[in-house]
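>>> Need a 3D model of the sequence below.
(chains A and B)
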Amino acid sequence: MRSLSRRGWVVVVVPLQLLVVGAAVAAPISARLTGQEVRLRVATIPDERAFRGSYAGLTYPDLPAQRGGDEMAARTPVGDTAFVTLRRSGDVWVSGVVSSSRPRSGPYLACADQGWQIQCGIERWYVPGGAASPLATALRDGTAVATVKVDSRGHAALVAVTAR
Amino acid sequence: MSTVQPSHPTAAAGTPAHATPAENPATRHTATPGQLSWLGAQLEEWQAEGLLAADAAAAIRARYVVARRVTLLRVVLGLGSAFVAIGLIWLVAANLTRFSPLVRFVVITAIWVLLVVVADLVAARAESEHDVASPVVGAARLLAAAGFGAVVYQGAQSLQVPSYDAALLGFSALGALLYAYAVRGLAPLVLAVAGLGVWFTWQVTEAADSMVAFAAGAVTVTLAGAAVAALHSARWRPDFAVPWREVGAAVGLVGLFVAAIPRSPGTAVAWGTPLVVGVVVAAVGAVAALVVGSRWDRLEVALAAASLAVAVALSLWMTTDLDTATLGPAGYARAAVAVAAYLALATGYAALGAVRDSTRLTVLATIAVVVFVTFQAFAVFAPVISGSALFLTTGVVLIVSGFLADRGRRRLLAGVEDDVAKGASS
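Numbers count the residues shown, from 1 in each chain, chains lettered A, B, ... in the order given. Now for the predicted structure:
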């Protein structure tokens, strides 16, 4: 028990703690490393709070904002996962079906259903220069495209936002 | 440089005069001012009676360092650490928007590593001065543990994981737990155990979305906490039992409170996978504690297991009598059983506090009883019996249990004296 000094234990534990950080962010890391690249049309949220500093709040016109109709009525509890299948439409991808069960084949997004909105973990982006930058203008005009990597489990990571 | 010297009790006993324990940190212990003044008086008596030589008395006295439980210094340092920790996370959450995600993560990680290094240096200095009761070390380690939480949340934020995810709290607490055991520090352990308790209850409730899961999840934390506390007090580092026992009891008393609230049939009864896994893990720990623990350890685990059983039973006992204005026999029976069970269990925790020398636990259980009875008096019993009658009944019940507990204490004392007498005669 006493083979390692207190300092020795700290040296052992700090890398373990970094592994814990890695586990905490495993989903977006897996999406970045193993994901298939899809391009999605993207815009800033239609709100004066679209920018907080250099961070833009994003919305995807081709993805469902929330489950509607029958899906809403049959909704399982808040905190549930909503699966959004993706299909190609021209040079971008758009959503297909929204369901509570995992689709057989990809690509699809596994999103957190908060009832009032569906969040897929790609809703914020760092825009250098903030609201005054050219990219911010493209985002406001709805002419921006997001490059998103989606892994086989539906985890998504936003890797780039560019003006078309 | 921080090698821990093995203590040689036999060697020290053989050469009392020159092997001064004060120079060996392994034989220095903390004591409260009250304990030290008692010890001082006893040592004087023993010297006066010729039982002990003056140098032996001085050597014994030198083994103890005064540690006040709550000194002003400790309060100031604890509050300061808490403010810095909150400010740190606030800084990350709100005011670093000018930096890119990666820079933010690197800055926060650097702050955390700096805190770990500072805590280690402070601990090494305290160790070299044989200052085993240094409150500065505890505060520095608390900061290092909180800094790790900031790293997890910043990592998640930099990669766009929503920060209200329960799992992030779990990962933060897990990291703090690793650190607490690595440095053998109580302050980070308190933070880690509290984080784990809140995380598990949150995760379970989110997975099942039912009050049943909340109540059962919270009391599962109590059972797991009691099991770890019993294992600690039986085998290794009894001082580490304290956070597990007390945080577990606090979370469990909240769970029992929720379990006692009446529910109508048709309320969701969902358990969810996390709760089932948690109960199994807690049960395995409880069995291990029952095997290795002393009699008190076993009683402690039994109290937690009884709490879990009561929480589950009350959660499943639903009644159509929800309208307090027309409370029927079924609703009345449930409320009466709920109050009796809560009083019994909370009294159990108060007694546990007395047995384990933890005023905090006793006070906590007492406050829980007062809040619970007041809530039940107004929310459930108001139309049935007057609040004054409920308070009178509760008071009588408590006084009777106090008398019974006192009888038990006197029998216990008699038992201890018997043991001492047997030990002396054999």
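
>>> Buried residues of the helix or strand harbouring residue B:301, list them for me.
In this structure, residue B:301 is located in helix B:295-316 according to DSSP states H and E. Within helix B:295-316, the residues that count as buried by 16 or more other C-beta atoms under 10 Å in any protein chain shown are B:297-301, B:303-308, B:310-312, B:314-315. For every residue, glycine as well, the C-beta is placed using N, CA and C.

>>> packing partners for the helix or strand just after that helix?
From helix B:295-316 onward toward the C-terminus, using DSSP H and E, the following helix or strand is helix B:329-355. In this structure, helix B:329-355 packs against helix B:241-260, helix B:295-316, helix B:359-379, helix B:387-425, with contacts taken as 3 or more C-beta pairs under 8 Å, 6 or more residues apart in numbering or on different chains; DSSP states H and E.

>>> What's the mean pLDDT across the second one?
Just to be clear, that refers to helix B:295-316. For helix B:295-316, the mean per-residue pLDDT is 92.

>>> Check which helices and strands that helix is in contact with.
By 3+ C-beta pairs under 8 Å, 6+ apart, helix B:295-316 packs against helix B:211-234, helix B:241-260, helix B:273-292, helix B:329-355.

>>> Kindly export the third one (C-alpha atoms) in PDB.
In PDB, the C-alpha atoms belonging to helix B:273-292 read as follows (Å, rounded to 0.1, in the frame of the first residue of the first chain):
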ATOM      1  CA  THR B 273     -31.100   0.700 -16.300                       C
ATOM      2  CA  PRO B 274     -28.900   3.100 -14.300                       C
ATOM      3  CA  LEU B 275     -31.000   2.500 -11.100                       C
ATOM      4  CA  VAL B 276     -30.900  -1.300 -11.500                       C
ATOM      5  CA  VAL B 277     -27.100  -1.200 -12.000                       C
ATOM      6  CA  GLY B 278     -26.700   1.200  -9.000                       C
ATOM      7  CA  VAL B 279     -28.800  -1.000  -6.700                       C
ATOM      8  CA  VAL B 280     -26.900  -4.100  -7.600                       C
ATOM      9  CA  VAL B 281     -23.500  -2.300  -7.000                       C
ATOM     10  CA  ALA B 282     -24.700  -0.900  -3.700                       C
ATOM     11  CA  ALA B 283     -26.000  -4.300  -2.700                       C
ATOM     12  CA  VAL B 284     -22.700  -6.000  -3.400                       C
ATOM     13  CA  GLY B 285     -20.900  -3.300  -1.400                       C
ATOM     14  CA  ALA B 286     -23.300  -3.800   1.400                       C
ATOM     15  CA  VAL B 287     -22.700  -7.600   1.500                       C
ATOM     16  CA  ALA B 288     -19.000  -7.000   1.600                       C
ATOM     17  CA  ALA B 289     -19.400  -4.500   4.500                       C
ATOM     18  CA  LEU B 290     -21.600  -7.000   6.400                       C
ATOM     19  CA  VAL B 291     -18.900  -9.600   6.100                       C
ATOM     20  CA  VAL B 292     -15.900  -7.500   7.200                       C
END
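
>>> list the buried ones in it?
Residues of helix B:273-292 classed as buried: B:274-275, B:278-279, B:282-283, B:285-286, B:288-289 (neighbour count, 16+ other C-beta under 10 Å).

>>> Turn those into a markdown table, including pLDDT and distance to chain A.
Supplementary listing: the buried residues of helix B:273-292 in a markdown table, determined by pLDDT from 0 to 100; distance: C-beta to the nearest C-beta, whole Å:
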| residue | pLDDT | distance to chain A |
| --- | --- | --- |
| B:274 | 85 | 12 |
| B:275 | 89 | 14 |
| B:278 | 93 | 17 |
| B:279 | 93 | 20 |
| B:282 | 95 | 22 |
| B:283 | 94 | 25 |
| B:285 | 94 | 20 |
| B:286 | 94 | 24 |
| B:288 | 94 | 18 |
| B:289 | 93 | 20 |
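
>>> coming back round to it: farthest-separated two in the buried residues of helix B:295-316?
Pairwise distances among these were taken by C-beta to C-beta; the largest, 27.5 Å, belongs to B:297 and B:315.

>>> Settle this for me: residue B:290 is touching residue B:299, isn't it.
No - assessed by C-beta atoms under 8 Å, residue B:290 is found out of contact with residue B:299, at 10.2 Å.

>>> Strands of chain A, residue ranges please.
Along chain A, the stretches classed as strands by DSSP state E are A:36-44, A:51-52, A:55-59, A:80-89, A:92-99, A:108-113, A:118-119, A:124-126, A:144-150, A:156-163.

>>> between those strands, which gets nearest to residue B:209?
Nearest of the strands of chain A to residue B:209, taken as C-beta to C-beta: strand A:80-89 at 8.6 Å.

>>> ok, residue A:124 - contacts?
Taking C-beta atoms under 8 Å, 6 or more residues apart in numbering or on different chains as the contact definition, residue A:124 lies against A:55-58, A:158, B:160.

>>> coming back round to it: Serialize the strands of chain A to CSV and add fields for mean pLDDT and distance to residue B:199.
Formatted as CSV, the entries for the strands of chain A read as follows, by pLDDT from 0 to 100; distance: least, C-beta to C-beta, whole Å:
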stretch, mean pLDDT, distance to residue B:199
strand A:36-44, 90, 33
strand A:51-52, 76, 27
strand A:55-59, 84, 27
strand A:80-89, 86, 19
strand A:92-99, 86, 29
strand A:108-113, 85, 17
strand A:118-119, 81, 20
strand A:124-126, 82, 24
strand A:144-150, 92, 28
strand A:156-163, 88, 24
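
>>> got a list of what residue 60 touches?
Let's take chain A. Applying C-beta under 8 Å, 6+ apart as the definition, the contact partners of residue A:60 turn out to be A:40-43, A:122, A:146.

>>> wrong one, I was asking about chain B
B:39, B:43, B:52.

>>> Of all the residues in chain A, which one is nearest chain B?
Of all residues in chain A, residue A:53 sits closest to chain B, at 2.5 Å by C-beta to the nearest C-beta.

>>> now stretch B:30-43: how far from the chain's centre is it?
26 Å (C-alpha atoms, centre = their mean, to the nearest Å).

>>> Flag every buried residue along that stretch.
For stretch B:30-43, burial by neighbour count (16+ other C-beta under 10 Å) applies to B:31, B:36, B:39, B:43.

>>> Strands - which of the residues you listed land there?
With strands identified by DSSP E, the entries of the buried residues of stretch B:30-43 that belong to them are residue B:31.

>>> Return the subset of the buried residues of stretch B:30-43 lying in helices.
In helices, defined here by DSSP state H, the members of those are B:36, B:39, B:43.

>>> wait, the first one sits on residue B:66?
Right, residue B:36. Yes - here residue B:36 reaches residue B:66: they are 5.7 Å apart, a contact under C-beta under 8 Å.

>>> contacts with chain B among the contacts of residue A:60, please.
Checking the contacts of residue A:60 against chain B by C-beta under 8 Å from any C-beta of the partner chain, the ones in range are residue A:122.

>>> Nearest to residue B:270 among the contacts of residue A:60?
Using C-beta to C-beta, residue A:122 is the member of the contacts of residue A:60 that lies nearest residue B:270, at 29.9 Å.

>>> And the closest one, its phi and psi?
Per-residue torsions, residue A:122: phi -130, psi 30 (degrees, to the nearest 10).

>>> show me the contacts for it.
Applying C-beta under 8 Å, 6+ apart, we find residue A:122 in contact with A:58, A:60, A:146, A:148, A:156-158, B:160.

>>> Swap in 7 Å and give it another go.
A:146, A:148, A:156, A:158, B:160 (C-beta atoms under 7 Å, 6 or more residues apart in numbering or on different chains).

>>> Ok, residue B:232 next?
Counting by C-beta under 7 Å, 6+ apart, residue B:232 touches B:238, B:240-241, B:244.

>>> helix/strand/coil for residue B:52?
Using DSSP: H, G, I helix; E, B strand; the rest coil, the secondary structure recorded for residue B:52 is coil.

>>> Next, count neighbours for it.
A total of 18 residues lie near residue B:52 under the criterion other C-beta atoms under 10 Å in any protein chain shown.

>>> wouldn't it be in contact with residue B:46 here?
Yes - using C-beta atoms under 7 Å, residue B:52 is in contact with residue B:46, at 4.2 Å.

>>> Please consider this matter closed, and thank you.
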